[in-house]
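J.: Show me how the following folds:
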Amino acid sequence: MRVRLVLAVSSLILLAACQSSTGRAAEASGDRVSAPVSVPAGTPPPSSPVLPASGALSAPATSDGPVASQPGTPAYGPYPSVVFAGHGVVIVATNPAWDGPLSYPSTLWSSTDLTHWRDITPPGSQRLISANDYASFDEASFISPSTGWVTTWDSNALHVAFYRTVDGGKTWTVAPVGSEHGDHAGDADLIQLVTPTLVFSETFSPTGPGMNLSVSTDAGSSWRSVYNGPQATTSDVPSGPFDQPMVFLSARRGFAASGIPVFEFEAPGEVFTTRDGGADWTRITPPAPAPCTAVAGPNECMFALPVFTDSDHGVLAGEVINGAKASIGFDTTSDDGVTWRLASSIDLDLAPSPTNTQPHPALVATPTGRTWLVVAQTPTGVVSRMSTDAGLHWSENSMTGVRGTPTALNALDATDALLTTSINIGVLGLPELYKTSDAGHTWQPVAFPQTPQAPAASSTAATTQGSGSSPDGLAPVDSTLQPARPCYPESAPVVTITINPDTPEPDCVIVTTTQRLRVVNATNAFDQPGTVITINFAGLPPRTLQRGDSTTYQMPFGTYLAPGQHHMQSSKYPGSNIVIWLK
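T.: Okay, here's the model as predicted:
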């Protein structure tokens, strides 16, 4: 997110999540957009004339890497999130700080060689949607370095806006009709541009549960819904994909798969195909590299989306995790995906994981029909395995210069690829980005320019907790006594506190370390005039909300609160506390 479960690079549809309040790892990457424009929060962008790009850069400065003063305060980057890679171009969003108490706008960069980066941030995407929150980059899809779409998400209005370019991001237009998705875990809107006018949009709502696949044949001026999930059946085998990423080769030919790692934790490790543009789907059973019996637990099975080099020839990667061992297989087809054969497989030992959790899967990229790349965290460190002859021979490289746990692998072509890792600093997980230009034999950090919006690390925002912090840098508890009011747990990934004209709802809530906080100013409900409110919480800088506005604290509770009860104060209720109890 915003925990980002990431697709294998063999998908032509890339996530950025639901950097969003969907709990995806893009959150730690800071997928946020730039400065305010004079559009009311929640207003869908209008059809617009051509807009100039915000700038260009060809020789970016180097980054000094993560600087984190303490959990619960910003860590200054910039921090990257890959939102698309393929067709000769890579699109990356960078944020000047990882979360903390303030929201910062992101910058969108493009590169065709992973060395020179150009700022292509669409000016129309630079929206401040509330007093403290910016819109966020959600997705991107390009069919060439010049022609592509990017999307932004408004967490207040839940609106997705589509921005289009035909000149590599020098100018942008806004599609007249947008989309939307919610703010629960797994909610997303994936897009895929097939031609300059043909685009698919897949909306997920796993907590609904629900989904919708729509298609536009006029570059987003109008949309037609073609699929809303599989029909009900008494069989344990689903009749079609549900909340699974899809890739379309044409207006009619497409595939759906769970992804590596699985995109959504409930998605089955199965593959489906369509020949009528996504209205009807058929389950196919490509050979797995090892016995595959379950989605989670022993013998966890995953398939990436296939990558086709022409209308007939394609590669489909699969992975089976059994305990701490991963078996990675590569299936090939020469008949448009009608039949598949296991061309090659390799086994890797995975690094130990915490009790009762699965190891991190090996990451897989199949940029061509012959060049295949695998990166994994093993007991001896991060390693890569490479084949340039369709799996006949494999070489292995110990990636000694790469820090952290691999979380996403995105290939540009047969030689160039990006690897995202997560660096643990205290309780924070901060992203770093590495590149290879020799098919995975060597890796170097990617240099991005520092962005000017982030304050210095010694600013008020970085030192708010001061001497009142607990020894581990977490905000200390305000009370250890049993609350005098009823207090119940909340299961939603984002816990919402609503400031009503009379009392808050809820006024006491039990939360977990992975949940996040959202506050809504509803003082104008029930035909009341409402008022501007100020929220104070956990020693963070105060947040001011206009009537009807909301704000989301993007950090999980466990990154800045010590276990116990914490008191939130709202200027609407002087002298009263709202209890947030971290257990």
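J.: From here on, just use CA atoms for contacts and neighbour counts.
T.: OK.
J.: my guess is residue 136 contacts residue 158, does it?
T.: No: in this structure residue 136 lies outside contact range of residue 158 using CA atoms under 8 Å: 11.0 Å.
J.: Give me the more crowded residue out of these two.
T.: residue 136 (34 against 16; other CA atoms under 10 Å).
J.: distance of the more buried one from residue 151?
T.: Using CA to CA, to the nearest Å, one obtains 8 Å as the distance from residue 136 to residue 151.
J.: How about residue 474?
T.: 35 Å.
J.: How about residue 335?
T.: 34 Å.
J.: if you count what's nearby, which of these two comes out ahead?
T.: residue 151 (24 against 12).
J.: That one against residue 141, yeah?
T.: No: Residue 151 sits out of contact with residue 141 when judged by CA under 8 Å, with a separation of 9.1 Å.
J.: can you give me the helices in the stretch 401-550 of the chain?
T.: Per DSSP state H, counting those that start in this stretch, the stretch 401-550 of the chain carries helices over the ranges 460-463.
J.: need the strands for it, in chain order.
T.: 405-411, 417-425, 428-436, 444-445, 488-489, 494-499, 504-505, 508-511, 516-521, 533-537, 543-545, 550-553 (DSSP state E, counting those that start in this stretch).
J.: Comparing those, which comes out most buried?
T.: strand 405-411 (a mean of 26; mean count of other CA atoms under 10 Å).
J.: That one vs strand 417-425, what angle?
T.: 160 degrees (axes from the mean of the first three to the mean of the last three CA atoms, to 10 degrees).
J.: average model confidence for strand 405-411?
T.: The average pLDDT for strand 405-411 rounds to 93.
J.: Likewise for stretch 323-339?
T.: 94.
J.: Buried residues in that stretch, which are they?
T.: By 16 or more other CA atoms under 10 Å, the buried positions in stretch 323-339 come out as 323-334, 337.
J.: what's the answer for stretch 372-384, then?
T.: 372-378, 381-384.
J.: next one: stretch 569-583
T.: 569-570, 572-573, 577-582.
J.: thinking again about what came up before, show me the buried residues of stretch 372-384 that map onto strands.
T.: Those of the buried residues of stretch 372-384 mapping onto strands are 372-378, 381-384, per DSSP state E.
J.: Looking at those, which two lie furthest apart in space?
T.: 372 and 381 (20.3 Å; CA to CA).
J.: which residues touch the closest residue to residue 350 other than its chain neighbours?
T.: Leaving aside its sequence neighbours, residue 350 sits nearest to residue 378 (CA to CA, 6 or more residues apart in numbering; 4.3 Å). For residue 378, the contact set (CA atoms under 8 Å, 6 or more residues apart in numbering) comprises 348-351.
J.: which outside residues touch stretch 398-412?
T.: By CA under 8 Å, 6+ apart, stretch 398-412 touches 6-9, 82, 84-90, 363-367, 375-377, 381-384, 417-424, 434, 442-444.
J.: Next up, phi/psi of the residue lying closest to residue 213 once chain neighbours are set aside, please.
T.: Distance criterion CA to CA, 6+ apart; nearest residue to residue 213, sequence neighbours excluded, is residue 202 at 4.5 Å. Per-residue torsions, residue 202: phi -120, psi 110 (degrees, to the nearest 10).
J.: got the contact list for residue 202?
T.: 188-191, 211-214, 245-246.
J.: okay, who's weakest in those residues by pLDDT?
T.: Comparing these by pLDDT, residue 188 comes last, at 78.
J.: What residues are bridge-paired with that residue?
T.: residue 204 (DSSP bridges).
J.: So residue 513 sits against residue 560, correct?
T.: No: using CA under 8 Å, residue 513 is not in contact with residue 560; the gap is 9.3 Å.
J.: who has more neighbours, the two?
T.: More neighbours surround residue 560 than the other of residue 513 and residue 560, with 26 against 16 (other CA under 10 Å).
J.: Would you check that the more buried one makes contact with residue 474?
T.: Yes: using CA under 8 Å, residue 560 makes contact with residue 474 at a distance of 4.8 Å.
J.: was I right about residue 521 contacting residue 546?
T.: Yes: with contact defined as CA under 8 Å, residue 521 counts as touching residue 546 (6.9 Å).
J.: Identify the contacts common to those two.
T.: Joint contacts of residue 521 and residue 546 (CA under 8 Å, 6+ apart) are 532-533.
J.: re the thing from before, list residues touching both of residue 136 and residue 158?
T.: Between them, residue 136 and residue 158 share no contacting residue, judged by CA under 8 Å, 6+ apart.
J.: Please report phi then psi for residue 559.
T.: Residue torsions, per degrees, to the nearest 10, at residue 559 are phi -90, psi -10.
J.: On the pLDDT front, check it for me.
T.: For residue 559, pLDDT reads 83.
J.: Straight-line length of stretch 178-188, end to end?
T.: Where stretch 178-188 begins and where it ends lie 14 Å apart, using CA to CA.
J.: my bad, should have said stretch 526-542
T.: 26 Å.
J.: If you average the pLDDT over stretch 219-232, what comes out?
T.: pLDDT averaged over stretch 219-232 gives 88.
J.: tell me which residues in that stretch are buried?
T.: For stretch 219-232, by 16+ other CA under 10 Å, it's 219-220, 223, 226-229.
J.: Now do that stretch: distance to the chain's middle.
T.: In terms of CA atoms, centre = their mean, to the nearest Å, the centre of stretch 219-232 is found 23 Å from the chain centre.
J.: Residue 485: neighbour count?
T.: When neighbours are counted by other CA under 10 Å, residue 485 comes out with 9.
J.: Not counting sequence-adjacent ones, nearest residue to it?
T.: Per CA to CA, 6+ apart, closest to residue 485 is residue 508, 7.3 Å.
J.: residue contacts, the one you found?
T.: Taking CA under 8 Å, 6+ apart as the test, what residue 508 contacts is 485-488, 578-581.
J.: repeat that for 10 Å
T.: Contacts for residue 508 (CA atoms under 10 Å, 6 or more residues apart in numbering) come out as 483-489, 497, 565-568, 577-581.
J.: Ok, residue 213 next?
T.: Contacts of residue 213 (CA under 10 Å, 6+ apart): 189-191, 200-204, 223-229, 243, 246, 277-279.
J.: Return the distance of it relative to residue 176.
T.: 18 Å.
J.: So residue 334 versus residue 318, what's the distance?
T.: Relative to residue 318, and taking CA to CA, residue 334 is found at 18 Å.
J.: likewise residue 156?
T.: 38 Å.
J.: who has more neighbours, those two?
T.: Between residue 156 and residue 318, residue 318 has the larger neighbour count (other CA under 10 Å), namely 28 against 22.
J.: Go ahead and list the helix or strand containing residue 301.
T.: strand 300-303 (DSSP states H and E).
J.: ok, then the element right after that strand?
T.: Next element after strand 300-303 (DSSP H and E): strand 307-308.
J.: Quick one: list the elements packing against that following strand.
T.: strand 314-322, strand 325-333 (3 or more CA pairs under 10 Å, 6 or more residues apart in numbering; DSSP states H and E).
J.: And the contacts of it?
T.: 9-12, 247, 249, 313-317, 332-334, 336-337, 365-369.
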